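Asker: Turn this into a structure:
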Amino acid sequence: MYNLLMSTAKIKIIFDKEVDGRFIAEVPSLPGVMAYGATQAEARRKVSAIALRTLADRLDQGTTRSIVGQLFVYDTVASR
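Answerer: Modelled structure (predicted):
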């Protein structure tokens, strides 16, 4: 049986609207993570995917512990 604990870690996304009508979304805690969309929902979807890819790359390279570290709860399995 698996026990899933939901983390309270949040990644903040901010939005702005360009003069041409496009929306831009960015993640201030992850420099360079930004995306454009025709709608705010599209920009949110795109920047969320980029943020997750960035965090996965950093975790794989061992260069981040902040947000990612809050997503997982580590435990040991009792001997049987």
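Asker: Where does pLDDT dip in this structure?
Answerer: Where the chain drops to pLDDT under 70, the residues are 1-9, 64-74, 79-80.
Asker: number of nearby residues for Ala25?
Answerer: Number of residues near Ala25 (other C-beta atoms under 10 Å) recorded here: 24. Backbone N, C-alpha and C define where each C-beta goes, glycine included.
Asker: where along the chain do the strands fall?
Answerer: 14-17, 23-26, 34-37 (DSSP state E).
Asker: partners of the second one in the sheet?
Answerer: Each strand that strand 23-26 pairs with, and the sense of that pairing, follows from DSSP bridges: strand 14-17 (antiparallel), strand 34-37 (antiparallel).
Asker: most tightly surrounded among those?
Answerer: Neighbour counts (mean count of other C-beta atoms under 10 Å) averaged over each of the strands paired with strand 23-26 peak at strand 34-37, with a mean of 18.
Asker: which other residues reach that strand?
Answerer: The contact list for strand 34-37 (C-beta atoms under 8 Å, 6 or more residues apart in numbering) reads 18, 22-27, 43-47, 50.
Asker: Looking at these, spot the one nearest Lys12.
Answerer: Closest approach to Lys12 among these (C-beta to C-beta): Val27, at 6.9 Å.
Asker: residue contacts, the residue nearest to that closest one when sequence neighbours are not counted?
Answerer: Using C-beta to C-beta, 6 or more residues apart in numbering and skipping residues adjacent in sequence, the residue nearest Val27 is Val33, 4.3 Å away. The contact partners of Val33, by C-beta under 8 Å, 6+ apart, come to Glu26, Val27, Val47, Ile50, Ala51, Thr54.
Asker: For the residues you listed, which entry has the maximal number of neighbours?
Answerer: Using other C-beta under 10 Å as the neighbour test, the contacts of Val33 are led by Val47, with 25 neighbours.
Asker: Need the strands of the chain in TSV (columns: distance to Leu59).
Answerer: Shown next, in TSV, are the strands of the chain (distance: least, C-beta to C-beta, whole Å):
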stretch	distance to Leu59
strand 14-17	23
strand 23-26	21
strand 34-37	20
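Asker: Out of the contacts of Val33, the closest to Asp60 would be?
Answerer: When the contacts of Val33 are compared for distance to Asp60 (C-beta to C-beta), Thr54 comes out closest, at 10.8 Å.
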